[in-house]
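J.: With the input below, show me the fold.
(one chain, ligands or ions: 1)
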Amino acid sequence: MSEQAQPNGEEMHINPQRTQTLAENLSHVAQRVQTASNGRKVRLIAVSKLKPATDILSLHNSPSQHLDFGENYAQELTEKSSLLPTAIRWHMIGALQTNKCKPLAEQVANLYCVSSVDTAKKADALEKGRAALAGKQDLEERKLRVLVQINTSGEEEKSGVEPGEAAGLCRHVREKCPHLQLAGLMTIGAIARSQEASGPEGVNEDFVRLREVRGSVTKELGIGEEELELSMGMSADFEAAIAQGSDEVRVGTTIFGERPAKKDAKVKEERADEG
Ligand SMILES: *Cc1c(COP(=O)(O)O)cnc(C)c1O
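T.: The predicted structure follows:
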C-alpha cells in the first residue's frame, strides 16, 4: 500500500490493484465516449457517490488525472472534498434539499457545478452561499456553474422542473443570481426508456425532449443554443445520449462497480490490516 498525505494531514491508503481496475474501467468508458462523440467535446463525470474517497484519489492520481467527480449527497460531497485535493472539480448531481444549498456552496470552494437546480429558492440559497464564500476569500471571482434539472419523463417521483417552467427558472438564475452561471440543462429520464435505448442506435425520448426544451428556453431568453450545455446519459445509456447531443455524461457503476446501500457506505475505507 502506498500512502498519500492529505490536506488535513491524514494519510490515505491506496490499493494498487484497485487503482489499476478503476483506471482501466475509466479508460474504457473514456474511449467509448470519444468514439460516440466523433470529435465533439463531451465531459465525463465519474459518479463516485457511496464509494470511498480512496477510489477518487486513485483516479485523480492515475495518469489520466481525472478531474470531474459527481456526488449525490451534500454531506458526503462536503466530507470528501475536505479529504481530497482541491484541484478536483466537484459536481453535485443528486436531488437537492433547499436547506443544504447554502452550506454546500459556501463550504466547498472547488464545487464546480450544481446539476440539479429545480426551484428558484434553491438557486437563491446557492447564490447566498457563494456570495458568503466570495466575501471570505480573496478568490479570483469564478461563478458557480448550475444546471437546471428538467423532468422530461413526467414521472412524479423524479425531481426537476416541468419543461414549461424551465425558461422562468433559467431567467431567474441569469438575472437574480450574480454568483451563479447558468451553464445548461440536465435530465435523468425514465429508466425504462434508457434501457430500451441502450446502444448507440436507441433514441430515448427524454433526450430528444431535453434538446427541445433547450430550443424553447434559448429562444425565450434570446440567447444562442451553444450557451446551454445538455447533461444527459448514465452507465446504461451514455452513448445514446451523446448521439442525441449530450455535452456531459455522468457514469458511476461502469467505472466504480455496484454501489453499497447508503447505510453501508464509507467515505474512509477501513484498513485491511485493521481487521
Ligand atoms: C447515480 C447517478 C448517476 C450514475 O448512474 P450509473 O447508472 O451508476 O452510471 C448519474 N446521474 C445521476 C443524477 C445519478 O444520481
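
J.: just so I have it, where are all the helices in the protein?
T.: Ranges of helices in the chain, per DSSP state H, are 16-37, 53-61, 74-83, 98-107, 120-136, 166-176, 191-196, 205-221, 238-243, 253-256.

J.: out of these, deepest packed?
T.: Each of the helices of the chain was scored by mean neighbour count; the highest is helix 238-243, a mean of 25, by mean count of other CB atoms under 10 Å. (C-beta placed from N, C-alpha, C; glycine too.)

J.: which other helices and strands contact it?
T.: Contact partners of helix 238-243 among helices and strands, from 3 or more CB pairs under 8 Å, 6 or more residues apart in numbering; DSSP states H and E: helix 16-37, strand 248-251.

J.: The closest residue to Glu220 other than its chain neighbours and Val146, how far apart?
T.: In space, Glu220 comes closest to Ala167 once its chain neighbours are excluded; the distance is 4.2 Å by CB to CB, 6 or more residues apart in numbering. Computed with CB to CB, to the nearest Å, the distance linking Ala167 and Val146 is 15 Å.

J.: Same check on Arg32?
T.: 28 Å.

J.: With Ser48 instead?
T.: As it turns out, when the distance is counted by CB to CB, Ser48 lies 20 Å from Val146.

J.: Dump the helices and strands packed on helix 238-243 to a markdown table, plus distance to Lys122 and mean pLDDT.
T.: Shown next, in a markdown table, are the helices and strands packed on helix 238-243 (distance: least, CB to CB, whole Å; pLDDT from 0 to 100):
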| stretch | distance to Lys122 | mean pLDDT |
| --- | --- | --- |
| helix 16-37 | 29 | 97 |
| strand 248-251 | 19 | 98 |
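
J.: possible to save the ones you listed as CSV with distance to the ligand?
T.: Shown next, in CSV, are the helices and strands packed on helix 238-243 (distance: least, CB to the nearest ligand atom, whole Å):
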stretch, distance to the ligand
helix 16-37, 9
strand 248-251, 4
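
J.: between these, which gets nearest to Leu185?
T.: Distances from Leu185 to each of the helices and strands packed on helix 238-243 were compared using CB to CB; the shortest belongs to strand 248-251, at 10.4 Å.

J.: Since that was my last question, I'll sign off now.
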